[in-house]
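Q: okay, here's the prediction I keep looking at, along with the sequence it came from:
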Amino acid sequence: MKWWEKLRFRNVSNVGMLSKPNSNKHIVALLAVRNEAFYLERCLEHLFAQGIETYIIDNESTDDTIEIAKKYIGRGVFHIETQPFLGFFDWANLLSHKEQLSQKIDADWFIHVDADEIREAPAPFRTLYEGIMKVDGEGYNAINFDEFVFLPTTDGESFEGTDYIKKMKYYYFFNPGFFRRVNAWKNIGQKVDLVSSGGHRVEFRGIKIYPQNFILRHYIALSRGHIISKYGTERIYSQEEVEKRGWHGQRAGFNAALLQLPDKRQLKMLANNNAWDRSVPWKKHTFWGT
């Protein structure tokens, strides 16, 4: 019996089957989305090209997110399910659901991914799959990612409807603490904890983090208007998460009048060889204006 024939799901629908994979190890991205039409196609294309299969949790999107996702059934996406939208961004529940899925899906590794993120392996690995298999072969069971944040740099700059990965060149290295983005882990048959860290760091007994960090490109927004709609008008945060858990920080108090896009002179420019500059790391996101 093949690995995808052994998949069993409870309380889910719209199961699609992957085409026959090329190797014996399987890496699954757990991707929760709501109204991510700007990002989703590029995100799924990248994961597919990197050898990663994707399980999508749709939080009742009202844009073209589902239509885009369905195009990738059999091209990396093997399942789409719907989680009810309760009127606010219920991040703790979505993370808890990812924890549960990592116990139900028959995969060797999992990656906790968001639609505005692009995950890569460092040189000399050609793909994320190849890099993770190297980590697996060396006996490690978790991977931390260095986060590089890309933003528009002027009010008139917009990357909506473009290949933003190719077009956006200016970034900063965001590093407020060590091992902050431990987002890939090996399935060793035990429950993992994503909720405690707000999704920043997976936790489980016997964790052994690979000493070389992988790459996380974080395209927080594609234009000034996109920032305002994404964080100012579309997203309502859970009061329990903000007040009791202390989550969401500057995002929860977003005020469009205080938004300050960074000047290019403050940022690093991505070279053609993808040589990442980790000097002068940023400890906070300053564009929120708070």
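A: Looks like it arrived, so ask away.
Q: specify the local secondary structure of residue 172.
A: strand (DSSP: H, G, I helix; E, B strand; the rest coil).
Q: switch to numbering from 32
A: Done: numbering now begins at 32, and the last item shifts to residue 203.
Q: quick one: the helices in the stretch 32-181 of the chain?
A: 71-80, 96-101, 122-135, 159-168 (DSSP state H, counting those that start in this stretch).
Q: and residue 270, which of those is closest to it?
A: Of all the helices of the stretch 32-181 of the chain, it is helix 122-135 that lies closest to residue 270, at 12.0 Å by Cβ to Cβ. No exception for glycine: its C-beta is placed from N, CA and C like everyone else's.
Q: for beta bridges, what are the partners of the nearest residue to residue 136 once chain neighbours are set aside?
A: In space, residue 136 comes closest to residue 59 once its chain neighbours are excluded; the distance is 5.7 Å by Cβ to Cβ, 6 or more residues apart in numbering. On DSSP bridges, the residues paired with residue 59 through beta bridges are residue 84, residue 141.
Q: please name the residues that touch residue 59.
A: Under the criterion of Cβ atoms under 8 Å, 6 or more residues apart in numbering, the contact partners of residue 59 comprise 83, 84, 85, 86, 136, 138, 140, 141, 142.
Q: repeat that for residue 158.
A: With contacts defined as Cβ under 8 Å, 6+ apart, residue 158 is in contact with 80, 81, 82, 152.
Q: now do the contacts for the first one.
A: Read it as residue 80. Counting by Cβ under 8 Å, 6+ apart, the residues that residue 80 touches are residue 158.
Q: check it and give its pLDDT.
A: According to the model's per-residue confidence, residue 80 sits at a pLDDT of 97.
Q: how far away is it from residue 157?
A: As defined by Cβ to Cβ, to the nearest Å, residue 80 lies at a distance of 10 Å from residue 157.
Q: please identify the helix or strand for the spatially closest residue to residue 286 that is not a sequence neighbour.
A: Beyond its immediate neighbours in the sequence, the residue positioned closest to residue 286 (Cβ to Cβ, 6+ apart) is residue 320, lying 7.0 Å away. Here residue 320, judged by DSSP states H and E, is contained in no helix and no strand.
Q: burial count for residue 320?
A: For residue 320, the number of neighbouring residues by other Cβ atoms under 10 Å comes to 14.
Q: in this structure it contacts residue 290, no?
A: Yes - using Cβ atoms under 8 Å, residue 320 makes contact with residue 290 at a distance of 5.7 Å.
Q: for the nearest residue to residue 86 once chain neighbours are set aside, name its beta-bridge partners.
A: Taking Cβ to Cβ, 6+ apart as the measure, residue 86 lies nearest to residue 110, with 4.9 Å between them; neighbours along the chain are not counted. Note on residue 110: beta-bridge partners residue 46, residue 86, judged by DSSP bridges.
Q: right, and residue 110 touches residue 89 too?
A: No - using Cβ under 8 Å as the test, residue 110 is too far from residue 89 to be in contact (10.8 Å).
Q: the two: which is more packed in?
A: residue 110 (24 against 21).
Q: any idea how far that one lies from residue 202?
A: 32 Å.
Q: please enumerate the helices of the stretch 182-321 of the chain.
A: Shown for the stretch 182-321 of the chain, the helices assigned by DSSP H, counting those that start in this stretch span residues 195-198, 255-259, 270-274, 280-283.
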